[in-house]
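[1] return a 3D structure for these sequence lines:
(one chain, ligands or ions: 2)
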Amino acid sequence: MATQLESLQNYLVGARWFGGKGRGVEVTGFRRLGEVGSPETEPRVAVALVEVTYTDAEGGSDLYQVPLALYSEPEGRLDHAFVGWWDEDGTWVHAYDAVHDRAAMAKYLQTFLGKATAEGDLHFVSVGGHELEPDAQSTLFSGEQSNSSVAFGEDAVLKVFRKITPGENPDITTHKVLTEAESTHVAQLYGWVESTTDDEVLHLAMLQQFLRTASDGWDIAVASVRDLFAEADLHAEEVGGDFAGEAARLGEALCEVHEQLRESFPSGTAPAAEVAETMTARLTAAVDVVPELADHADRLRRTFGQLAELGELPVQRVHGDLHLGQTLRTVAGWKLVDFEGEPAKPLAERLHPDSPWRDVAGMLRSFDYAPYAVAESSPEDDPDVVEQRRHRAEEWAARNKQAFLHAYTGTDGLSHDQGVLVAAYVAEKAIYECVYEARNRPNWLPIPLAAIARMGVP
Ligand SMILES: Nc1ncnc2c1ncn2[C@@H]1O[C@H](COP(=O)(O)OP(=O)(O)O)[C@@H](O)[C@H]1O
Ligand SMILES: O=P(O)(O)O[C@H]1O[C@H](CO)[C@@H](O[C@H]2O[C@H](CO)[C@@H](O)[C@H](O)[C@H]2O)[C@H](O)[C@H]1O
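    Ligands and ions are numbered 1, 2, ... in the order given. Next up is the predicted model:
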């Protein structure tokens, strides 16, 4: 029978949210932080922290959270979430990933409501005075996510963080500040779960308002592109699903969020030369993962070289990994989600004040992605149709980028410095995407690679 560590390793490497895919890994440690709800009633819900050590040349280690629902008898309905058998005080129990189990998640809800307690080093914090619906049933969100989100009815969402880094989680602290500032562009924060280790906080989960009427920004954009491709003779502004109005509203929303973040978190300036140096170093590292980037490296370095000339850059708290998939359209306007920053960066770096142009560039890249992703997923042999689509894709991307930028800046064009900033941050994001796609969705690697090939130097 597999040991606890072997079982956890097998489960982890197959999980969508595991960020160490493609690397040599070994589970080297396991710590139980505490239990959610009463240990008297099944399932017992144990929150485990798993240490993963990388055995490849890069080395290092990470901590992953796996909340476990422990049952004395097998639960067939949870077979897909089976982690392993556990020896609990001399009794063998069946351990399942708790986010898949309504009975286990009900214990989380009851603990937030103060009707159950958390044992060990686990603390449930509630803020904002929202009255949670006590009988709401949990549903795990499906989809490609870095964490696991569970909706409680249509009332609240609990996001269980998977990769845990000691220190504040910017998703919680940014939502807290924007909720206090009464921002209309985020879901309100209702609470969180934390623990402490070596005097440092571990943020384990975040509870927030469920956005009932939300449609994913990426899905709306993709539908708009499909409309356009279906009407080959028409321009973007002539087809039903034109996105430019939404792109402009997204620009306004981001501008407001940036203003609020600037007022609420430390801000200042950073030497452009240092920022450019970091971008260049990331490019060098990316070429090792995606050798095709080497053909464009000189041009990209020149783009970063131009950034280096800009003196000091204003920096502040930003989103850090903004793209259309992090935006939700509701009847009350656009909401931005997931303020954790770029998953590949160490936490300390994600907490540093950064340039707001990073978020702007993230959205611009997403406007570029949408039409090419639609083309990629609907291959076409007829060269005339291919050419027509390429033309339409460029038109769609340019139209939405312009609408977004116009609304964000409040001006018709970009100044010289803004142009240099946008070019550098867009290039850096596309390089990051090449690495991301190579590791996660190799079929999509051509999308950011082709975008880099199209980029000029400002
Ligand atoms: N407050 C919310 N209400 C409803 N849906 C949400 C809410 N927050 C996020 N989502 C949905 O859950 C998905 C995953 O959320 P996200 O914060 O991006 O998680 P992850 O860090 O796992 O990527 C989002 O794409 C969005 O569709
Ligand atoms: O949402 P995450 O924080 O997990 O972000 C990662 O995954 C994204 C893909 O799901 C990735 O975004 C890239 O693909 C999007 C389309 O799926 C596109 O809209 C984005 O512009 C593009 O960057 C993101 O980069 C990555 O960090």
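
[2] so which residue of the stretch 1-150 of the chain comes closest to ligand 2?
    Residue nearest to ligand 2 within the stretch 1-150 of the chain (CB to the nearest ligand atom): S146, separated by 4.3 Å. Yep, even glycine has a C-beta here, placed from its N, CA and C like the rest.

[3] that residue reaches W17, doesn't it?
    Yes - taking contacts as CB atoms under 8 Å, S146 lies within contact range of W17: 5.5 Å.

[4] got any residues that touch both of these two?
    Common contacts of S146 and W17, defined by CB atoms under 8 Å, 6 or more residues apart in numbering, comprise 162-163.

[5] helix or strand with the lowest mean pLDDT in the chain?
    Lowest on mean pLDDT, DSSP states H and E among the helices and strands of the chain sits helix 347-351, with a mean of 87.

[6] surely V225 touches D368?
    No - in this structure V225 lies outside contact range of D368 using CB under 8 Å: 11.4 Å.

[7] point to the residue nearest the middle of this structure.
    Centroid-nearest residue in the chain: D338, 5.3 Å away (criterion: CA atoms, centre = their mean).

[8] where does it land in three-state SS?
    D338 carries the three-state label coil when classified by DSSP: H, G, I helix; E, B strand; the rest coil.

[9] mind checking pLDDT for the closest residue to it other than its chain neighbours?
    Distances taken as CB to CB, 6 or more residues apart in numbering put Q326 closest to D338, at 4.9 Å, once the chain neighbours are dropped. pLDDT for Q326: 96.

[10] and Q326, how many neighbours does it have?
    Number of residues near Q326 (other CB atoms under 10 Å) recorded here: 22.

[11] show me what contacts it?
    217, 319, 336-338.

[12] quick one: contacts for the closest residue to S267 other than its chain neighbours?
    Nearest non-adjacent residue to S267, counting by CB to CB, 6+ apart: Q316, 3.8 Å away. By CB under 8 Å, 6+ apart, the contact set of Q316 is 258, 261-262, 265-268, 353-354, 356.

[13] could you redo the last one with a cut-off of 6 Å?
    261-262, 267, 353 (CB atoms under 6 Å, 6 or more residues apart in numbering).

[14] and of the residues you listed, the nearest to T53?
    Using CB to CB, P353 is the member of the contacts of Q316 that lies nearest T53, at 31.9 Å.

[15] one step back: which of the contacts of Q316 count as buried?
    The neighbour count (16 or more other CB atoms under 10 Å) marks 261-262, 353 as buried among the contacts of Q316.

[16] among these, which are in helices?
    261-262 (DSSP state H).

[17] the buried ones among the contacts of Q316 into JSON lines, with extra columns for pLDDT and distance to A48?
    Shown next, in JSON lines, are the buried ones among the contacts of Q316 (pLDDT from 0 to 100; distance: CB to CB, whole Å):
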{"residue": "L261", "pLDDT": "97", "distance to A48": "34"}
{"residue": "R262", "pLDDT": "97", "distance to A48": "39"}
{"residue": "P353", "pLDDT": "94", "distance to A48": "34"}
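
[18] ligand 1: which of the buried ones among the contacts of Q316 is nearest?
    Nearest member of the buried ones among the contacts of Q316 to ligand 1, counting by CB to the nearest ligand atom, is L261, at 17.0 Å.

[19] quick one: the closest one and V315 touch, right?
    No - using CB atoms under 6 Å, L261 is not in contact with V315, being 11.1 Å away.

[20] which residue sits closest to T269, ignoring its sequence neighbours?
    Distance criterion CB to CB, 6+ apart; nearest residue to T269, sequence neighbours excluded, is E312 at 3.9 Å.

[21] how far does stretch 70-83 sit from the chain's center?
    Remark: stretch 70-83 is offset 29 Å from the chain centroid, using CA atoms, centre = their mean, to the nearest Å.

[22] hang on, I meant stretch 412-424
    Put simply, stretch 412-424 sits 26 Å off its chain's centre (CA atoms, centre = their mean).

[23] now do the buried residues in it.
    In terms of neighbour count (16+ other CB under 10 Å), stretch 412-424 has its buried residues at 414, 418, 420-424.

[24] kindly report the same for stretch 317-328.
    317-328.

[25] which of these fall within strands?
    Assigned to strands by DSSP state E, the following of these qualify: 327-328.

[26] of the buried residues of stretch 317-328, which is the nearest to ligand 2?
    The closest of those, once distances to ligand 2 are taken by CB to the nearest ligand atom, is H323, at 3.6 Å.

[27] identify the residue nearest that closest one in space, chain neighbours excluded?
    Leaving aside its chain neighbours, H323 sits nearest to S366 (4.2 Å; criterion: CB to CB, 6+ apart).
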